[in-house]
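1. here you go, sequence then predicted model.
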Amino acid sequence: MKIALLGSLGNINRFVVPELVKQGHEVTVVTSSEARVPQIEALGAKAAVGTMTDVSFLTKTFTNKEVVYLMVSGASQGGDLNQELLEQGKIFRQAISEANVHKLVQLSSVGADAGPEAGSVHAYHYLEAELKKMTDVDIAIVRPVGFYNNLYGDLSTIKEQHAIYSNIPANVVRKYVAPQDIAAVVLPLILAVPKGVTVRYVVSDTFTIDEFIESLAKEANLPDLHFVPISDEAFAQSLLERKVPEAIVKAFVTSSQYQKNPKQIYGDLTERNTKIGTFKLTDFVTQYAQAIKDPMTHHRSSTIVD
């Protein structure tokens, strides 16, 4: 098949692209960086350099493709996340329609089914809604839960203070996912997009921050690693101090409040529509401990504004 994928060789595509090429498919990878071209071509794929906001570029890239994989990447403009993803959805819809593509896999997020109370992740609702207007396109929507990598946002305070600060209580049950487990869902969907509009959630493991701390304390030999509760206001202030735009801060605080109720944020997940992956807390803790010990190890959080 002829397949186009957004997302360069990022967290998920680094697993998906080699496998598609291995299976003999003609793969085009969209990247905004010329520097990525040699790496993409080394895998046996074609590179298309451009941006996800350029509808003409996307239309040209998607033309004659049997399946397109969409994802939103890059930094937010710092304004209204809902409006940004609404506009992005319109761009995607126009490009898909003009390129006459009829099979689509879209990376979305948990919370896309909810209302404004979901905060930052509610923006994906607008992206999905735009794509669903294409009644002649089969759309497989993949909604991961929070990325394990988001926990790397605490790496500096763990190293320096042996502490994790959060406005979400440490005993709240939360779900996390690894890129390879998302890739394990995305790949078969690209190869066989189901009819109509379908939704699949992806989860790697479920645990509390208390359990994360207990496991990491042992693995990284940090017996005094502890949790420090902070207020929503303190969380907002910490984001502002890191130069996060005020509109984004408000959305993130709302999202964190939403996450305090597991039945709320995970209410749409069922045994039937959710894939449980294989990368567990113990695997992530081993990786995290290495990041603590090795200053050359590079990790960053994965959020809508990254």
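-> Happy to help now that I have it.

2. ranges for the helices of the protein?
-> 13-22, 37-42, 55-62, 81-98, 123-132, 155-161, 179-191, 209-219, 232-241, 246-259, 262-265, 281-293 (DSSP state H).

3. flag the shaky bits of the protein, pLDDT-wise.
-> 74-78, 295-306 (pLDDT under 70).

4. quick one: which of the helices of the chain is nearest Val199?
-> Val199 lies closest to helix 123-132 among the helices of the chain, at 8.8 Å (C-beta to C-beta). Where you see a C-beta, it was placed from the backbone N, CA and C, and this is true even at glycine.

5. returning to that earlier point: can I get the helices of the chain in a markdown table including distance to Val202 and mean neighbour count?
-> Compiled in a markdown table, the helices of the chain are given as follows (distance: least, C-beta to C-beta, whole Å; neighbours: other C-beta atoms under 10 Å):
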| stretch | distance to Val202 | mean neighbour count |
| --- | --- | --- |
| helix 13-22 | 13 | 20 |
| helix 37-42 | 24 | 14 |
| helix 55-62 | 25 | 19 |
| helix 81-98 | 20 | 19 |
| helix 123-132 | 14 | 21 |
| helix 155-161 | 24 | 14 |
| helix 179-191 | 5 | 21 |
| helix 209-219 | 19 | 18 |
| helix 232-241 | 26 | 14 |
| helix 246-259 | 17 | 19 |
| helix 262-265 | 14 | 15 |
| helix 281-293 | 15 | 17 |
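
6. adding distance to Pro144, write those helices out as CSV.
-> CSV is the format used below for the helices of the chain (distance: least, C-beta to C-beta, whole Å):
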stretch, distance to Pro144
helix 13-22, 13
helix 37-42, 23
helix 55-62, 23
helix 81-98, 16
helix 123-132, 11
helix 155-161, 21
helix 179-191, 5
helix 209-219, 18
helix 232-241, 22
helix 246-259, 14
helix 262-265, 13
helix 281-293, 15
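
7. closest one to Asn273 among those helices?
-> helix 179-191 (11.0 Å).
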